[in-house]
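Engineer: only geometry, no sequence info:
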């Protein structure tokens, strides 16, 4: 299972599942992060710091604990495309 | 007629509000600047109207303080015309709030704001098509330049006069069925006029805690049945189904009305890469902050010297005309020292400092600091969001304590509040610069800040270990970098400065005069004698500082101004030794927050926390000041 913590940087991915309680889910939803959305990890801070993601043209910082709860799948359509 | 500005955080509501109402609301380039609502009268198209600036909310579900406030306001004021401010560059997400507002069936107008930013990011939005999709007028605006605002308010006024009603959007069949069932049983128990049952039904299905508490009791069965069917049909919890349905509608509308071009990679994107880069981010932050403090110090020093000379000359002349031994002489001398304290000591440091802080806020650097420092804050037991109130604390503790509302967990709020009041606010910065900085050099002043940071870290770790209920972690939007507009910077500086001139300065002058009278009556000596076991015995300071510390509780700047007066000279270093200067400043930086901060803390976290935080600061200040005194004694 890949999460935002261990997926490749700059890879187009899709959110497949959001773990965690209703509060975390609601909070992620309000910032535009839902199951089925395209998401991309832009940067990861060193020393287990937060993860910076881009979603719908907006950048959101997620702490490691939160990022671990967002499961993603690398986008088949995009990664199959010739470079 | 009353207009209520609503929108998601950082969509530019407050900028629009300030453009029509004069500069009254706080703005900054980070989410959650307004935590409470602001009302102002404004003259629009020749009519006097009220304009309300609600706190920015991502959604109308009452999960945090700002959302509860916004939702409560909207439910209690059914006659207001809603002006929904959208960020055109984040249309899909912004529309999720719009869809909830449409459910309220009110007169409503949409401001399609920041169209310039959107264009820069390669997004064109067709406002007429959007208006057709939503069924309400849509006006493109650029709040920062005031473009489109006249048209926006003209449309809003028209909607208000016509008593137009917005039409709720429709969702997929399963959701509509569940909503319909819950709506039907709510019809006869609405909390007030102008709150549609359908709106409440959706909120109940979403599990909104506030609405649930008020309405779920009698409708529990119907609600549970509708919810569980929805969950089995979609395979997700009901709150996710509703929010997913809204998300789908919002993004369908976005796709229909906007076109995306290739985003240009400009200087902002390149700079952002450097600022947030794993290697360069941290060092750049240290450089930016050091540059900031050195610039403030350098400017202040240049301004202070000439101003002090002018007032010293004036005081000397006055002393010849009105001898200090007479009552009038003492009083006038006190007044002059109060005025000069404000002009010559406080303003030279305060003005550059406020401008600098406004730059950090408006460029959007603060949330980036939250990102970079998240890791460090986790070591303390908090997370990156706490950085925002802590940084604001360098300006003034009052808005900083209020900004702790952006934190989700009560535990994080309590700890951050305690730490925020330890951050040297601009008043204490003045004391640091004007005493330690001016007489011992910028490195010493810098040392005070480093010590302060270390103490905040230590206190943070201690408190975090003792309190339970850790928040899940950082979830924070990082807005695009923005070039701050000179007009906003000046307006913002003026907003804080006006506070100083109108409230603090009269207090400085009056206190100075009161101290003059106390001196004339020799009552200050009595107070100083009472305090001398502490000030002289424990801290090794002259007895004369006793009174200044009492006045300092009103405003921290008072300690310097009063020190000048109590010692009878602006050349503080001729009376106090370096050890005494540092001991005095350390004590003033840490001891009890000022009256205004105490009042706002009592409101935000309650008296119990306020009392222990106050007691902790005094204990901390005493311990540190004694340590400094002993340290100097050992080194000497």
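Structural biologist: Now that the structure is in, tell me what you want to look at. Computed from a predicted model, the values in this text were never measured in an experiment. Numbers count the residues shown, from 1 in each chain, chains lettered A, B, ... in the order given.
Engineer: pLDDT below threshold where in the stretch 201-350 of chain B?
Structural biologist: B:216, B:324, B:345-346 (pLDDT under 70).
Engineer: Show me which residues of it are close to chain A?
Structural biologist: B:207, B:236-237, B:239-240, B:243-244, B:247, B:251, B:276-279, B:281 (Cβ under 8 Å from any Cβ of the partner chain). For the C-beta atoms, the positions are set from N, CA and C on the backbone; glycine is no exception.
Engineer: what ranges do the helices span in chain A?
Structural biologist: Remark: helices assigned in chain A by DSSP state H are A:22-30, A:64-67, A:76-80.
Engineer: most tightly surrounded among those helices?
Structural biologist: helix A:64-67 (a mean of 23; mean count of other Cβ atoms under 10 Å in any protein chain shown).
Engineer: what's next to that one, contact-wise?
Structural biologist: Contacts with helix A:64-67, where a contact means Cβ atoms under 8 Å, 6 or more residues apart in numbering or on different chains, come from A:3-5, A:20, A:24, A:28, A:48-51, A:53, B:472-475.
Engineer: Excluding sequence neighbours, find me the nearest residue to whichever residue of chain A sits closest to chain B.
Structural biologist: Ranked by Cβ to the nearest Cβ, the top residue of chain A for proximity to chain B is residue A:63, at 2.9 Å. In space, and not counting its chain neighbours, residue A:63 is closest to residue B:473: 2.9 Å by Cβ to Cβ, 6 or more residues apart in numbering or on different chains.
Engineer: what's the burial count for that neighbour?
Structural biologist: 23 (other Cβ atoms under 10 Å in any protein chain shown).
Engineer: Ranking by neighbours, what's the top pick from the residues of the stretch 201-350 of chain B next to chain A?
Structural biologist: Neighbour-wise, these (other Cβ under 10 Å) top out at residue B:247, 24 neighbours.
Engineer: hmm, the helix or strand encompassing residue B:449 in reach of chain A?
Structural biologist: Assigned by DSSP states H and E, residue B:449 belongs to helix B:442-466. No - if you take Cβ under 8 Å from any Cβ as the test, helix B:442-466 misses chain A, and the best it gets is 15.1 Å.
Engineer: can you pull the buried residues of that helix?
Structural biologist: The neighbour-count check on helix B:442-466 (16 or more other Cβ atoms under 10 Å in any protein chain shown) flags B:442, B:444-446, B:448-449, B:451-452, B:455-456, B:459-460, B:463-464 as buried.
Engineer: Repeat that for stretch B:614-632.
Structural biologist: In stretch B:614-632, counting by 16+ other Cβ under 10 Å, buried: B:614, B:616-617, B:620-622, B:624-626, B:628-629, B:632.
Engineer: Keep only those of those residues that are in helices.
Structural biologist: Those of these mapping onto helices are B:614, B:616-617, B:620-622, B:624-626, B:628-629, B:632, per DSSP H.
Engineer: picking that back up, which one of the residues of the stretch 201-350 of chain B next to chain A is nearest residue B:148?
Structural biologist: residue B:251 (25.0 Å; Cβ to Cβ).
Engineer: Does the closest one fall in a helix, a strand, or a coil region?
Structural biologist: helix (DSSP: H, G, I helix; E, B strand; the rest coil).
Engineer: what's the answer for residue B:329, then?
Structural biologist: Once three-state DSSP is applied, residue B:329 turns out helix.
Engineer: Next: residue B:476.
Structural biologist: strand.
Engineer: Against residue B:574, how distant is the closest residue to residue B:341 other than its chain neighbours?
Structural biologist: Leaving aside its sequence neighbours, residue B:341 sits nearest to residue B:561 (Cβ to Cβ, 6+ apart; 3.0 Å). Distance of residue B:561 to residue B:574, computed by Cβ to Cβ, to the nearest Å: 17 Å.
Engineer: These two: which has the busier surroundings?
Structural biologist: residue B:561 (31 against 9).
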